[in-house]
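Trainee: structure for this input, please:
(2 chains)
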Amino acid sequence: MTLDFDVRATVGPFAYEAAFSARDEVVVLFGHSGAGKSVTLQFIAGLMKPATGRIVIGDRAVFDSDRGVDLPPQERQTGYVVQELALFPQMTAAQNIAFGLSRGPRRQQRVQQLMDGLGIGELGDRRPATLSGGQRQRVALARALARDSRLLLLDEPFSALDESLRTTLRRELLRLRTTLGLSIVFVTHDLREAHLLADRIAVFDDGRLLQFDSRETVFRRPVSRRVARLTGVGNVCEGVLRASSAGYVDVEVDGLPLRCAPMARQLAPGSVVDVAIRSERVVLRRGEQGGPNTFSATVAEEFAYGSTHTLHLQPAGPGPSLEAEIAARPYEVLDVAHRRHWTIELPPEDLHVMPRSE
Amino acid sequence: MMRQRTDRLALTTVLLLAAVFALFFLLPFAGLIQRALADGETWETARSGVVRDALWLSLWTSIVSLAIAVLFGTPVAYLLSRATFPGKSLVDAFVDLPIVLPPTVAGVALLTAFGRRGLLGQPLEEWAGLTLGFTTTAVIMAQVLVAAPFYVRAARAGFDEVDPQYERVAYTLGASRLRTFFQVIAPQAGPALAAGMVLCWARAMGELGATLIFAGNFRGETQTMPLAIVQAFEGALGLSGAVALSLVLLAVALVVLVLFRLVTSRLRVPL
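Mentor: Below you'll find the model as predicted:
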């Protein structure tokens, strides 16, 4: 099932604008709470009406301001699951799942088939209050899938669960997507969840879609300082563009010349730019500095997170202050705990130059 | 040591206050029962025709009033809980107004609107020959005006407790607004709706001031139990008559309350 979304609206205090699509894949809507992610799902489901735009599910326009089309949520056939799940408390699990199905001899059969598919085949007679968090989650998913929805809209469905359960359910979701041929629009503010689930990511901030692209591109080639910050890029340094060619861009950052990955857009030399460097891409080396993109620095501060260590590096000469992330094993092998002075290397392919956005 | 002593003192004070308060509520009932037992004619009075007429009128008018309050009040409560519209806070305030309004004022207000010289009452009488004031209809109107806000308030609070996500999910599952309300929202607000109904019914049963002014005090037609009690007290029967009638009303109220408890404890949904 495909989704094409292109909408403008005024939502509370901010102007909303976004355009993206889904082609039998998981699109993660990512951003802080209040960024416009949940509103997007409500536009798709028909629970809120945009000012202008067009929403097409499959080959059916469910909203089109030019042609005056606005189908009610009842006719859009989306599977909508919210964080609170909203399981009807006075009904059993089976009654919840059957709620959206028309009466008939095949109703019970369909309900049982859905429950078996999600591993809750034995729980049909139980009330939601007597089920565990993971079981409730599955009932909610089964209910959303019951009407043969091929487009699932999931609004932070796993945030109330503990980590191990979340991992299981995420895998199950990916399995369902493949076996049922679903498109899934998944809202989350969890970076790791976004990374795990997404085929493509839409980054939202203050009601605007800042970037919509493949997961790799969004994480490695953010379009702006804001997207870089939202997607967990540890270092965004201001610099001045010195020269650019098809293969590389030279940028001066705090007096240090750095060769960076090429930009999609050509900018004139002298332009102020931002350079995004992910913390885990910063390389620590022993020995004297030498070669391009190296400089010496001192560990000023460090934080241990168990599996990784975060170091704050202070340059000895010209060069930027950086945050570096290093895994526990190399941290021990290199004996970072006792050595304070390092040569820092920044591989050109990991330096992403962005035009300055005001 | 010091702290223990102050704690004990505080506890004693709390218990003492509670005991005094409880006594204040229990003594009047004790007095009522003691008077009734001491007086030989209580049973006789309680079975008289006046009481039978007043009780019957009270029962059926209060139930009709409750039905009207539920029929019109439920949509209003649901709208107040869910919708946003201009002037909402004004509507909100007007719904609450009769709760703080003295019933006698409500009676006078009803008279000026629906009485023979009233805003709507005069044209109604001139063109349709319809008189509302001092009829059984007036009894019901007075009860609805005074009691319905209690139901609307409770129902609104009940709907507020139900997360709007339930409606959203139900709509995406193809359920109409009507089906969503009756199958998803109302069952969850059920206990609050029931509590509102009891409040509303009890208020209607006890209605005196507005009824007296707008409907008058005619036996069999507008004389409900509270009015009959006042008349007995001021008339030939005196205090012992008032005691007998009060006991009847008290007994009916108790029976209804117990029945209500029984029914709602069965209805309650494990959340």
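
Trainee: what sits against residue A:169?
Mentor: Neighbour list for residue A:169: A:134, A:137, A:138, A:157, A:158, A:161 [criterion: Cβ atoms under 8 Å, 6 or more residues apart in numbering or on different chains]. (C-beta placed from N, C-alpha, C; glycine too.)

Trainee: so residue B:264, which state does it fall into?
Mentor: Secondary structure, DSSP: H, G, I helix; E, B strand; the rest coil: residue B:264 is helix.

Trainee: could you do residue B:96 as well?
Mentor: Following three-state DSSP, we place residue B:96 in the helix state.

Trainee: next one: residue B:220
Mentor: coil.

Trainee: show me where pLDDT drops low in chain B?
Mentor: When residues are selected by pLDDT under 70, those of chain B lie in B:1, B:267-271.

Trainee: near chain A, which residues of it?
Mentor: Chain B comes close to chain A at residues B:163, B:165-166, B:168-176, B:183-184, B:187-188, B:269-271, as judged by Cβ under 8 Å from any Cβ of the partner chain.

Trainee: just the buried ones out of the residues you listed, please.
Mentor: Those of the residues of chain B next to chain A that meet the buried threshold are B:165-166, B:168-175, B:183-184, B:187-188, by 16 or more other Cβ atoms under 10 Å in any protein chain shown.

Trainee: of the residues you listed, which belong to helices?
Mentor: When DSSP state H defines the helices, the subset of these inside them is B:165, B:166, B:168, B:169, B:170, B:171, B:172, B:187, B:188.

Trainee: surely the third one and residue A:46 touch.
Mentor: No: under the criterion of Cβ atoms under 8 Å, residue B:168 makes no contact with residue A:46, lying 9.8 Å away.

Trainee: overlap in contacts, the two.
Mentor: residue A:73.

Trainee: thinking again about what came up before, of the contacts of residue A:169, closest to chain B?
Mentor: Distance to chain B, by Cβ to the nearest Cβ, is smallest for residue A:157 among the contacts of residue A:169, at 11.8 Å.

Trainee: count the residues that sit near the nearest residue to the closest one once chain neighbours are set aside.
Mentor: Distances taken as Cβ to Cβ, 6 or more residues apart in numbering or on different chains place residue A:81 nearest to residue A:157, at 4.9 Å, with adjacent residues excluded. If you count neighbours by other Cβ atoms under 10 Å in any protein chain shown, residue A:81 ends up with 24.

Trainee: check residue B:164 too.
Mentor: The number of residues near residue B:164, taken as other Cβ under 10 Å, comes to 14.

Trainee: hang on, the earlier thing: make a PyMOL selection of the buried ones in the contacts of residue A:169.
Mentor: Buried residues within the contacts of residue A:169, by 16+ other Cβ under 10 Å, are selected in PyMOL with:
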select buried, chain A and resi 134+137+138+157+158+161
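
Trainee: got TSV for the contacts of residue A:169, with pLDDT too?
Mentor: Below are these laid out as TSV (pLDDT from 0 to 100):
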residue	pLDDT
A:134	89
A:137	91
A:138	92
A:157	88
A:158	86
A:161	82
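
Trainee: so residue B:180 versus residue B:156, what's the distance?
Mentor: 18 Å (Cβ to Cβ, to the nearest Å).

Trainee: actually residue B:24, not the one I typed
Mentor: Distance from residue B:24 to residue B:156, by Cβ to Cβ: 32 Å.

Trainee: also residue B:239?
Mentor: 42 Å.

Trainee: with neighbour numbers in mind, choose between those two.
Mentor: Between residue B:239 and residue B:156, counting by other Cβ under 10 Å, residue B:156 is the more crowded of the two (24 against 11).

Trainee: my read: the more buried one touches residue B:82, true?
Mentor: No: counting by Cβ under 8 Å, residue B:156 does not reach residue B:82; the two are 9.8 Å apart.

Trainee: returning to that earlier point: name the nearest of the ones in helices among the buried ones among the residues of chain B next to chain A relative to residue B:62.
Mentor: Nearest to residue B:62 among those: residue B:187, at 25.7 Å, using Cβ to Cβ.

Trainee: quick check: residue A:170 touching residue A:195?
Mentor: No: if you go by Cβ under 8 Å, residue A:170 and residue A:195 don't touch, sitting 10.9 Å apart.
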